[in-house]
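> how would this look folded up:
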Amino acid sequence: MRLRLILLALGTFAVGTDGMVIAGILGLVAHDLEVSVAAAGQMITVFALSYAVLAPVLATLTAKWPRRRTLLIALTVFTLANALSALAPTFGALLLTRVLAAVGAALYTPTASAAATALVPPERRGRAIATVMGGMTVATALGVPLGTWIGRSDWRLTMWLVTVLGAAAFAGLALLLRDLPAPAPAVSLRTRLAPLTNRDVLGGTATTFLVLLAFQTVFIYFTVAAAPATGGDQSRLTLLLLVSGIFSVAGSNLGGRLVDKGGPRGVMLVGGTVQAAVSFALPWLMQSMTTALIASVLNPLAGWAVAIALPARLVSIDPPNAPLLLSLNSTALYLGIAAAGVTGSAAIATLGDRWFPFASTALTLLSLGVGYATTRDRHPRPAKATKSPQAAGERVS
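Here you go, the predicted structure:
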């Protein structure tokens, strides 16, 4: 069981590295292809927006496919797209390859997450999601700083690294992954989107959107925010990304355990509060490497705990329809990332390079308000004698 979850995480490691490493090479891409840094940031917007739109559509079109086949096709498309990104002669061509990479990612990640929740009993769903999402966090710990360092002189080397990671994930799944649960019966796109009429589901997806919008508003332009601390030194930037990645892994593991123990609501509210405080302090924390390192510990530790609570919350609303709900969560997540590319650029233009993290603070506070308003207990608490971690995890929507 554990091996199958780790194999699924191999793919999310490749996808996560591709999605997040761009933040570390924006300046190099902008210089090489003769566009502004803000324009280069739209690489992330195009990828994320394409993912958000395509995820429910692709999930519907491939609903009858065996999950192993779906995962392998997704990684094939993803790997070829990144090879084309490495070869792109113009910025326009590069944006087109990012759309193709999003096709592979949009097909892979929800399928992997749904497979993970089907492989374990209900009381271990939080940890199963954390394991697969752990591929994303390990990507921030290893893939992003490694890709940033490799691409310090040529960003195309970074894209070749992602290509190799995609190929390695494909090989691991093709050789070792067997016996995945059969997919649920196929449903129409209208049925797939129908849960959005449920207030709990709508609140959950809205919270996911706002949390990712807030976080990525700063992360996409991390190079800009960290410039006072790094002085433009790519090695210092790599160190900050490495520390951030290590504590992303810790936050993911912590979030999975806390969700299984007490449910997603407390994790979302406490973690979100820490994120709001850190983003408010960033203009001062990023003035030196010492304080920038402190921010690189606290923000991902809280942020990735929240990232695990968000899909766990949706799954707890209607466990039999986990694939549907996780697909919607992925769509909301990548819509948030797509919007953050524009929001971050606008915040920099309005507030300046130092103060633009205040936009993230405001958005985080908004996400806390929505999360709090839509996750109140609606049923009487069971007697103490019947309480269990599983019951606590499923009592709150």
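> Buried residues, the helix or strand where A114 lies. List them.
Per DSSP states H and E, A114 falls inside helix 91-118. Residues 91, 94-95, 97-98, 100-118 are the ones in helix 91-118 that count as buried (16 or more other C-beta atoms under 10 Å). To be clear about C-beta, it is placed using only N, CA and C from the backbone, and glycine gets the same treatment.
> do stretch 143-159 as well
143-152, 155-159.
> Next step: the residues you listed restricted to helices.
Residues of the buried residues of stretch 143-159 located in helices (DSSP state H): 144-150, 155-159.
> farthest pair in those?
Farthest apart among those by C-beta to C-beta are P145 and R156. That separation is 17.9 Å.
> chain center to the following helix or strand past the helix holding A114: distance?
Next in sequence after helix 91-118, counting helices and strands by DSSP H and E, comes helix 125-138. The chain centre lies 11 Å from the centre of helix 125-138; the measure is C-alpha atoms, centre = their mean, to the nearest Å.
> pLDDT on helix 125-138, on average?
In this model, helix 125-138 has an average pLDDT of 73.
> what does stretch 363-375 give?
91.
> now do stretch 76-96
95.
> ditto for stretch 35-54
Rounded mean pLDDT across stretch 35-54 is 85.
> Stretch 204-214 now?
92.
> got the CA coordinates for the helix or strand hosting S360 in CSV?
Using DSSP H and E, S360 sits in helix 357-373. The C-alpha trace of helix 357-373 is given here as CSV (Å, rounded to 0.1, in the frame of the first residue of the first chain):
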residue,chain,number,x,y,z
PRO,A,357,3.1,41.2,0.1
PHE,A,358,0.4,43.3,1.9
ALA,A,359,-1.9,42.2,-0.9
SER,A,360,-1.3,38.6,0.2
THR,A,361,-2.1,39.5,3.8
ALA,A,362,-5.5,40.9,2.8
LEU,A,363,-6.4,37.9,0.7
THR,A,364,-5.3,35.5,3.4
LEU,A,365,-7.6,37.3,5.9
LEU,A,366,-10.4,37.0,3.4
SER,A,367,-9.8,33.3,3.0
LEU,A,368,-9.9,32.9,6.8
GLY,A,369,-13.3,34.6,6.9
VAL,A,370,-14.7,32.4,4.2
GLY,A,371,-13.2,29.3,5.8
TYR,A,372,-14.6,30.2,9.2
ALA,A,373,-18.0,31.0,8.0
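> What residues does Y372 make contact with?
By C-beta atoms under 8 Å, 6 or more residues apart in numbering, Y372 lies in contact with L269.
> no, scratch that, I was asking about F247
296-298, 300-301, 304 are the contacts of F247 under C-beta under 8 Å, 6+ apart.
> Which of the residues in the helix or strand that contains it are classified as buried?
Counting by DSSP H and E, the element that carries F247 is helix 234-262. Neighbour counts over helix 234-262 (16+ other C-beta under 10 Å) mark 234, 237-260 as buried.
> Show me which residues of whatever helix or strand V218 lives in are buried.
Here V218 sits within helix 199-219, counting by DSSP H and E. Buried residues in helix 199-219, counted by 16+ other C-beta under 10 Å: 200-201, 203-219.
> try stretch 63-81
Under 16+ other C-beta under 10 Å, the buried positions of stretch 63-81 are 63, 67-68, 70-81.
> Just the CA atoms of it, as CSV, please.
Taking C-alpha atoms only, stretch 63-81 is exported to CSV below (Å, rounded to 0.1, in the frame of the first residue of the first chain):
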residue,chain,number,x,y,z
ALA,A,63,-13.7,8.8,-16.5
LYS,A,64,-14.0,5.3,-18.0
TRP,A,65,-10.3,4.8,-18.6
PRO,A,66,-8.3,2.5,-16.2
ARG,A,67,-6.5,4.8,-13.8
ARG,A,68,-3.1,3.3,-14.5
ARG,A,69,-3.5,4.1,-18.2
THR,A,70,-4.7,7.6,-17.4
LEU,A,71,-1.7,8.3,-15.2
LEU,A,72,0.8,7.1,-17.9
ILE,A,73,-0.8,9.1,-20.7
ALA,A,74,-0.8,12.2,-18.5
LEU,A,75,2.9,11.8,-17.8
THR,A,76,3.7,11.2,-21.5
VAL,A,77,2.0,14.5,-22.5
PHE,A,78,3.6,16.3,-19.6
THR,A,79,7.1,15.1,-20.3
LEU,A,80,6.9,15.9,-24.1
ALA,A,81,5.5,19.4,-23.3
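> how far out from the middle of the chain is that stretch?
19 Å.
> picking that back up, so which of the buried residues of stretch 63-81 are in helices?
Short answer: the buried residues of stretch 63-81 in helices (DSSP H) are 67-68, 70-81.
> now V37, nearest residue through space, not along the chain?
Leaving aside its sequence neighbours, V37 sits nearest to A30 (C-beta to C-beta, 6 or more residues apart in numbering; 4.8 Å).
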